[in-house]
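Undergrad: show me the folded form of this:
(chains A and B)
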Amino acid sequence: MSIKVEFFSTPGCSNCDRTGDSLKVIAQAFGEHKVTWRDVNLLGELDYAVELGVLTPPSIAIDGQLVFPKLPSTAKLREELARRLAREPT
Amino acid sequence: MTIGKLAKLAEISTDTLRFYEDESLLIPAGKTEAGYRLYGEGAVRRLDFIKHAQHCGMTLSEIRQLLELRADDSSCCSDVRSLAIRKKLQLEHKIKTMQVMSQALSELIDICTAEDRPLDNCPILTALESSIAKQNHDPH
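TA: The predicted model follows:
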């Protein structure tokens, strides 16, 4: 099973787009069979964002849990994904 | 205009105006020789702004941030929008929490059907006591 990364942001936030893109590259480098990336328009899925506890977008959830309420560095995201993949049964 | 005239125009108290001054939300344009506060015409518009922001649930600190953004040439509309989105998320979280509280109260109300029971036998108090005991026993 692949790890699901969800990136919560709002349209029109150019800073979010820039940072999001560099994090997306990190996630996609693991391969789509291992890590999937979904861009979530916060305003379009407000209930879901609130359910996960998103308060200060942009934020990142992994497998339905708010892991990074504030955006991590690329190194931090890579580390987190690698840690989770190592835990996954093969 | 004087503080009294502004208070009357804006329909708020002079105490509130002084409080807004302490909070750096509305600073008088100047003072008379006798030390009375004087406000410019823009003061009414600024008070309207504060009122509208309060209607949207903004705290005074958030309103101050908005006013600072408005006065800052390097800020743009997306900065204001981000602040509004964060506020909306906060409000939605509060609504959700309150719905959970309301549901918990509904459940307590449902278990108490008899109105003439003695206080010692009140199911609501018993349920609250047992849930407190449970929490103390198992904090997780």
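Undergrad: quick one: residues contacting the residue in chain A that chain B sits nearest to.
TA: Among all residues of chain A, A:Val50 sits closest to chain B, at 4.4 Å; criterion: Cβ to the nearest Cβ. (C-beta placed from N, C-alpha, C; glycine too.) Neighbouring residues of A:Val50 by Cβ atoms under 8 Å, 6 or more residues apart in numbering or on different chains: B:89, B:92-93, B:96.
Undergrad: which strand or helix spans it?
TA: Secondary-structure assignment from DSSP states H and E places A:Val50 in helix A:46-52.
Undergrad: relative to chain A, how far out is the closest residue to B:Gly40 other than its chain neighbours?
TA: If the residues on either side of it in the chain are set aside, B:Gly40 comes closest to B:Ala29, at 4.2 Å by Cβ to Cβ, 6 or more residues apart in numbering or on different chains. As judged by Cβ to the nearest Cβ, to the nearest Å, B:Ala29 and chain A stand 36 Å apart.
Undergrad: which one of the contacts of A:Val50 is nearest B:Tyr36?
TA: In terms of Cβ to Cβ, no member of the contacts of A:Val50 lies closer to B:Tyr36 than B:Leu89, at 43.3 Å.
Undergrad: surely the closest one and A:Asp47 touch.
TA: No. The pair formed by B:Leu89 and A:Asp47 falls short of the contact definition of Cβ atoms under 8 Å, at 11.2 Å.
Undergrad: more neighbours: which of these two?
TA: In this view B:Leu89 and A:Asp47 are compared by other Cβ atoms under 10 Å in any protein chain shown, and B:Leu89 has more residues nearby, 21 against 9.
Undergrad: give me the secondary structure label for the more buried one.
TA: At B:Leu89 the chain is in helix, as set by DSSP: H, G, I helix; E, B strand; the rest coil.
Undergrad: can you check the one 10 residues further on too?
TA: Look at B:Gln99: counting by three-state DSSP, its state is helix.
Undergrad: what's around the residue nearest to A:Pro69 when sequence neighbours are not counted, how many residues?
TA: Spatially, and ignoring its direct neighbours in sequence, A:Pro69 is nearest to A:Ser59 (5.2 Å; Cβ to Cβ, 6+ apart). As a burial measure, the neighbour count of A:Ser59 was computed by other Cβ under 10 Å and equals 24.
Undergrad: pick out the residue in chain B sitting closest to chain A.
TA: Of all residues in chain B, B:Glu92 sits closest to chain A, with a separation of 4.4 Å (Cβ to the nearest Cβ).
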